[in-house]
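**Q** got a predicted structure plus its sequence, pasted below:
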Amino acid sequence: MTEPHVEFVGGSEAMADMRKWASELGPQVSKASEPFAHRVAGIIAGRVPHLSGQLAGSVEASSDDEGVEVGYDGSVAYDGWIEFGGTRGRSYVPDGRYVWPSALEAQDEYEQVAAEAADDSARRFAWSTPSA
């Protein structure tokens, strides 16, 4: 009687595929998240004080292969003071008043967007078929 024999075929191909897919995943999730980031930027712009509209106009969304970011573009000198305070009668809020709280509120939606993008990426990837 022969012993049962189990052979794992395609391990090296699977590892190569996973490395390649992982290198493509970040940029794909970032691209899929851009509309989300712009929506969050719009929410933040609607929440900041609107004396002249300059601060709201300085809220921007950007992306690169590492992810998306939402924040002020630096064109308004008082953005840090409005966001965090700390002087001239404005209490200091370490986490900020608008950007971070808005990002936290949107966290679940971002996770859903990113998960859907990852699933789509995995479905479209040309996975190898190992040969015996």
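**A** Arrived safely.

**Q** any low-confidence regions in this protein?
**A** 132 (pLDDT under 70).

**Q** can you map out the helices along it?
**A** 11-47, 54-57, 79-84, 99-105, 107-124 (DSSP state H).

**Q** would you turn the ones you listed into JSON lines with distance to E66 and mean neighbour count?
**A** Placement of C-beta: from N, CA and C, glycine included. Formatted as JSON lines, these follow (distance: least, CB to CB, whole Å; neighbours: other CB atoms under 10 Å):
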{"stretch": "helix 11-47", "distance to E66": "6", "mean neighbour count": "16"}
{"stretch": "helix 54-57", "distance to E66": "26", "mean neighbour count": "17"}
{"stretch": "helix 79-84", "distance to E66": "23", "mean neighbour count": "17"}
{"stretch": "helix 99-105", "distance to E66": "16", "mean neighbour count": "16"}
{"stretch": "helix 107-124", "distance to E66": "13", "mean neighbour count": "13"}
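
**Q** same list, those, but as JSON lines with distance to Y72 please.
**A** Shown next, in JSON lines, are those (distance: least, CB to CB, whole Å):
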{"stretch": "helix 11-47", "distance to Y72": "9"}
{"stretch": "helix 54-57", "distance to Y72": "8"}
{"stretch": "helix 79-84", "distance to Y72": "4"}
{"stretch": "helix 99-105", "distance to Y72": "8"}
{"stretch": "helix 107-124", "distance to Y72": "19"}
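
**Q** looking at those, which is closest to S131?
**A** When the helices of the chain are compared by CB to CB, helix 11-47 sits nearest S131, at 8.5 Å.

**Q** which elements pack onto that closest one?
**A** Packing partners of helix 11-47 (3 or more CB pairs under 8 Å, 6 or more residues apart in numbering; DSSP states H and E): helix 54-57, strand 59-64, strand 67-72, helix 99-105, helix 107-124.
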